[in-house]
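J.: This is the structure alone, sequence omitted:
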């Protein structure tokens, strides 16, 4: 697990080294999946490593593609949770 925190600067070297070891990439964040932080990280890693550097398709885990609600109960329905991360891990390990 690597906590990159920012896109600028992005610690791409650490992520590339991890991909070289595992051949896998899962990016988790609370932003919507479409056009978000995770999309940018995946795109940069595909450019850096090349598609043949992956043993499994990179996976993005993020909020549902909808505005984030203010109500706590509704927010939990939109943001990614533990089950979403576990499902992503299972997908890349198949």
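T.: Okay, I see it. Model, not experiment: these values are computed from the prediction. Numbers count the residues shown, from 1 in each chain.

J.: Where does the residue nearest the centre of the chain fall, secondary structure wise?
T.: Centrality entry for the chain: nearest residue to the mean C-alpha point is residue 27, 1.5 Å, by C-alpha atoms, centre = their mean. Secondary structure from DSSP states H and E places residue 27 in strand 26-32.

J.: Neighbouring strands of that strand in the sheet, and parallel or not?
T.: strand 59-63 (parallel) (DSSP bridges).

J.: In the strand it pairs with, which residues are buried?
T.: 59-63 (16 or more other C-beta atoms under 10 Å). From N, CA and C alone the C-beta is placed, and that goes for glycine too.

J.: Can you add pLDDT and distance to residue 33 and give these back as TSV?
T.: Output for the buried residues of strand 59-63, formatted as TSV (pLDDT from 0 to 100; distance: C-beta to C-beta, whole Å):
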residue	pLDDT	distance to residue 33
59	96	10
60	96	5
61	96	8
62	95	4
63	94	7
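
J.: which two from those residues end up farthest apart in space?
T.: In terms of C-beta to C-beta, the buried residues of strand 59-63 reach their longest pairwise distance at 59 and 63, which sit 14.7 Å apart.

J.: Distance of the residue in the chain sticking out farthest from the centre relative to residue 83?
T.: What lies farthest from the middle of the chain is residue 71; by C-alpha atoms, centre = their mean that is 25.0 Å. Here the criterion is C-beta to C-beta, to the nearest Å. By it, residue 71 lies 20 Å from residue 83.
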